[in-house]
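Trainee: structure of the sequence below:
(chains A and B)
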Amino acid sequence: MKDTSITAEPGERFTLTVDQNASTREYWYLVDPKPDSSVLVGRGQDYTSDSGDEPGAGAGGRLTFTFEAKGKGTTRFTLLHCTFTTCQGNTSTLPPATTGPSATPTTGTATPSQAPERITYTVTVD
Amino acid sequence: MSFFSSPFDSPSFRLALLAGLSKKMLGAGSKNELLDLIDNALSVPEPGGDQGVLEGLASLYRGQVDQLGSVFDQVDRVGRKGLPEVWVGDTSVLASEVVNAAGRSVTQMSEAFQGCATVLLTLADAIGAAQRKDEQGRGQLLEQKKTLGGRDGFFDDLHENDEEEWDRKNAAHFGSYAVDLMHAAVSDAQEATRVAARDLNKWAAEARAGKMETSELTAVDKLMLADTGVAGADTELNEILTAGDLTRASTRMDQLSLDDETAMERMLAKSDNPQERAYLMKALAAGHSVAEIGKFQDKIHGKDPDWLRRHLSPVVTRTDSLADKGVAPDGSNINKDYVTFDGQRWVQGGDGAEGTCVASSTVTSRAMVDPLYALGLTGGPDGQQDDPDAFKQRLVAEQHRLHTEGDGGKNWGGMGPEGQERINDTNVGSATGSDYERQDLNSADDRRAVLTEVEKSVAQGRPVPVDVSGKEGAHAMTIIAQEGDKLQVYNPWGSTTWVSEDDFINGHMGKASTSDLPNAYSVYLPR
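Mentor: Numbers count the residues shown, from 1 in each chain, chains lettered A, B, ... in the order given. Now for the predicted structure:
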């Protein structure tokens, strides 16, 4: 996902797929600021497990965000990437309360000084 | 699970049958059909159990408590008189320490008898109440039967007028309600029995010194070994030797050659403190040779009890860990503790980032039952290290090894049930002398039914892997202890917390992780 520029035609739908894993608490969230809704709207997200029908404990899956281009223009959206060390107290539906260092001390362990990764995508619709 | 000589012996069968009959009554099309259903329900036997016998047993147990009172007084008197610094037993324990241990043991015995008496009385009451409820339902069924009168002959059965229809529907309504009472009676009796079994099993596991039957150790040695907890923690929640350890160590002592036995006793006698002695016996229980145990002692001898605890006992349970302090926004228990070595958690991937929950929880389970294995990870090859980074490297390497052994997914992601069962057998079952068998849990009833065996296993010191899932994935954790109606769960995120039986049965396991993973769908039972 090095390339963060996306172009689309009005009415076109596109998806973005990332790795998610409840066992390692790796999660992604679509966060504010929301994209300009005259240019782009979010059409939800869907998770599918890597291990198929049988739940393999520890196996992650793929989370797919769907977007729909509306009218001509340029806008941005931002994804927040949470991992075990960069976010605390979050779940698949609950983003972290703070996006800074850990609020829960783990005696002796270096408290995570990394903030969770934010990736901003620029979408041009023409 | 067990063999029943008649289907009626199975409570599950009776519950399903009665539930079905209750429903069918409401839909019965004729008087004869309804009468058949009523007879069917009446043929189900009442909940078994003799209230009087149970109450008699309870009195017997309570009677023992008085005798123990005088034993305690005598032991207490000796202890308070003060004893010379005399070494006793085959393992050279201080006489004064023994007397203190004996005093505690008597108190525990008294609590056990009292506790069992209460369990039996509670069960007696519950069985009595269930039988009365069943009788009430049965009585109402008989009344409805009388109201309906005799069976219709062939021609009457073909035709039902309005009044007859009303009578039938009325009887069906009351009959169904009566069968529901009988159903509730079976259900109440079943749950009361489960709780009694759980508590009695727990008291049995607590009768610790008696687990060692070997004649190679004196009663004094056995008392001390059973009574020893990790340093600086609540003894009763942190005994070094589990009930299973005591039994296995005892059996092995009996099987040792004379040379080995002498070597073992010399090692025990040489120990500086009760903790060192207990860890040596734990190593024996885990199946190590006396030669290996000798090398182990060389590494740990002379170390303070705190050093011993952090190197050899990953999990320490605080007394207030059992308090329910509510739930955080992510669904996890606020009251949780961390399992760490010098600040580094016993966590999958060393930092939580690898999907090796199965392998990682297996590594921790093994470390809990085998002190040599624990020392290899924490203290390194020479057992002398006290470095969290070195520990982290060794921990992760070992998690990787087990992940590969269990045919885990690429990029350290996930493991299937066959692999999970296998690595538990070779790594944990080998030390505890058990064979792990997976038990899938597809309903609340399944989870309730499996609890008795889960609780008995962990009370004996055999960890029980549990897999949990939700819409967003699956994760592996371990049930490691039980107190009353609470289960202690280790999460390979590096933490432990207590959940209730209700949480386990009704899909609230998220308290031990997050609300993304509420359902226990599988356990692995050590058999």
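
Trainee: what about the helices in the stretch 251-400 of chain B?
Mentor: Ranges of helices in the stretch 251-400 of chain B, per DSSP state H, counting those that start in this stretch, are B:258-270, B:274-285, B:290-300, B:305-312, B:357-369, B:371-378, B:388-405.

Trainee: against which helices or strands is the fourth one packed?
Mentor: By that I understand helix B:305-312. Applying 3 or more C-beta pairs under 8 Å, 6 or more residues apart in numbering or on different chains; DSSP states H and E, we find helix B:305-312 packed against helix B:274-285, helix B:290-300, helix B:371-378. C-beta coordinates here come from the backbone N, C-alpha and C atoms, glycine included.

Trainee: try 10 Å
Mentor: For helix B:305-312, the packing partners by 3 or more C-beta pairs under 10 Å, 6 or more residues apart in numbering or on different chains; DSSP states H and E come out as helix B:274-285, helix B:290-300, strand B:340-341, helix B:371-378.

Trainee: need the three-state assignment for B:Gln482.
Mentor: Per DSSP: H, G, I helix; E, B strand; the rest coil, the local secondary structure of B:Gln482 is strand.

Trainee: centre of the chain versus stretch B:254-269, how much separation?
Mentor: Chain-centre distance of stretch B:254-269: 32 Å, with C-alpha atoms, centre = their mean, to the nearest Å.

Trainee: now the residue nearest to B:Gln385 when sequence neighbours are not counted: how far from B:His311?
Mentor: Closest residue in space to B:Gln385, ignoring its immediate chain neighbours: B:Gly379 at 5.1 Å, by C-beta to C-beta, 6 or more residues apart in numbering or on different chains. Distance of B:Gly379 to B:His311, computed by C-beta to C-beta, to the nearest Å: 5 Å.

Trainee: got any residues that touch both of these two?
Mentor: Taking C-beta atoms under 10 Å, 6 or more residues apart in numbering or on different chains as the criterion, B:Gly379 and B:His311 both touch B:299-300, B:303, B:341, B:385-386, B:391.

Trainee: of these, closest to chain A?
Mentor: B:Phe341 (9.6 Å; C-beta to the nearest C-beta).

Trainee: still on that earlier bit, just the buried ones from the shared contacts of B:Gly379 and B:His311, in ChimeraX syntax?
Mentor: Burial among the shared contacts of B:Gly379 and B:His311 is assessed by 16 or more other C-beta atoms under 10 Å in any protein chain shown; the matching ChimeraX selection reads:
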select /B:299,300,303,341,385,391
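
Trainee: tell me the secondary structure at residue 16.
Mentor: As the question left the chain open, I've gone with chain A. Recorded secondary structure, A:Leu16: strand (three-state DSSP).

Trainee: ah, no, chain B please
Mentor: Secondary structure for B:Ala16, judged by three-state DSSP, is helix.

Trainee: note down every partner strand of the least confident helix or strand in chain B by mean pLDDT and its orientation.
Mentor: Within chain B, no helix or strand scores below strand B:87-88, which has a mean of 74 by mean pLDDT, DSSP states H and E. Paired neighbours of strand B:87-88 in the sheet (DSSP bridges): strand B:93-94 (antiparallel).

Trainee: average pLDDT across the partner strand?
Mentor: Averaging pLDDT along strand B:93-94 gives 79.

Trainee: chain center to it: distance?
Mentor: Per C-alpha atoms, centre = their mean, the displacement of strand B:93-94 from the mean C-alpha position of its chain is 33 Å.

Trainee: for burial, what's the neighbour tally of the one residue in the stretch 101-250 of chain B that gets nearest to chain A?
Mentor: Nearest residue of the stretch 101-250 of chain B to chain A, counting by C-beta to the nearest C-beta: B:Gly232, 14.6 Å away. For B:Gly232, the count of nearby residues is 11 (other C-beta atoms under 10 Å in any protein chain shown).

Trainee: how about A:Lys72?
Mentor: Applying other C-beta under 10 Å, we find 12 residues neighbouring A:Lys72.

Trainee: residues in contact with the nearest residue in space to B:Gly128 that is not next to it in sequence?
Mentor: Excluding the flanking residues, the one nearest B:Gly128 by C-beta to C-beta, 6+ apart is B:Gln51, at 4.3 Å. Neighbour list for B:Gln51: B:123-132 [criterion: C-beta under 10 Å, 6+ apart].

Trainee: try it again with 7 Å
Mentor: Counting by C-beta atoms under 7 Å, 6 or more residues apart in numbering or on different chains, B:Gln51 makes contact with B:124, B:127-128.

Trainee: and which of these is nearest to B:Val499?
Mentor: B:Ile127 (28.4 Å; C-beta to C-beta).

Trainee: hang on, the earlier thing: take the contacts of B:Gln51 and keep only those in helices.
Mentor: Judged by DSSP state H, the contacts of B:Gln51 include B:124, B:127-128 as members of helices.

Trainee: and the end-to-end length of stretch B:43-50?
Mentor: Stretch B:43-50 has an end-to-end distance of 20 Å (C-alpha to C-alpha, to the nearest Å).

Trainee: for stretch A:21-28, same thing?
Mentor: OK, stretch A:21-28 end separation, C-alpha to C-alpha: 10 Å.

Trainee: could you do stretch B:373-385 as well?
Mentor: 14 Å.

Trainee: mean confidence for that stretch?
Mentor: For stretch B:373-385, the per-residue pLDDT averages 97.

Trainee: I'd say A:Ser49 and B:Gly473 touch.
Mentor: Yes - counting by C-beta atoms under 7 Å, A:Ser49 touches B:Gly473, with 6.3 Å between them.

Trainee: list of residues touching stretch A:30-49?
Mentor: Residues from elsewhere that reach stretch A:30-49 (C-beta under 7 Å, 6+ apart): A:13, A:20, A:55, A:59, A:61-71, A:73-80, A:95, A:123, A:125, B:472-473.

Trainee: how about a cut-off of 6 Å?
Mentor: With C-beta atoms under 6 Å, 6 or more residues apart in numbering or on different chains as the test, stretch A:30-49 has contacts from A:61-71, A:73, A:75, A:77-78, A:80, A:123, A:125, B:472.

Trainee: next: stretch B:189-205.
Mentor: With C-beta under 6 Å, 6+ apart as the test, stretch B:189-205 has contacts from B:11, B:47, B:112, B:115-116, B:119, B:123, B:126-127, B:130, B:243, B:452, B:455-456, B:459-460.

Trainee: roughly how far apart are B:Ser70 and chain A?
Mentor: Remark: distance between B:Ser70 and chain A (C-beta to the nearest C-beta, to the nearest Å) = 47 Å.

Trainee: so for that residue, what's the pLDDT?
Mentor: Here the pLDDT value assigned to B:Ser70 is 83.

Trainee: quick check: which element contains the residue nearest the centre of chain A?
Mentor: What sits nearest the mean C-alpha location of chain A, by C-alpha atoms, centre = their mean, is A:Trp28, with 2.9 Å. Assessed by DSSP states H and E, A:Trp28 sits inside strand A:27-31.

Trainee: paired strands for that strand, with orientation please.
Mentor: Using DSSP bridges, strand A:27-31 pairs in its sheet with strand A:73-82 (antiparallel).

Trainee: residue contacts, B:Ser313?
Mentor: B:Val230.

Trainee: list phi and psi for it.
Mentor: The phi/psi pair for B:Ser313 (degrees, to the nearest 10) reads phi -130, psi 90.

Trainee: could you identify the helix or strand that succeeds the helix or strand B:Asp167 falls within?
Mentor: Using DSSP H and E, B:Asp167 maps to helix B:162-206. Using DSSP H and E, the helix or strand that directly follows helix B:162-206 along the chain is helix B:219-227.

Trainee: in chain B, which residue sits nearest chain A?
Mentor: Counting by C-beta to the nearest C-beta, chain B gets nearest chain A through B:Gly343, at 2.2 Å.
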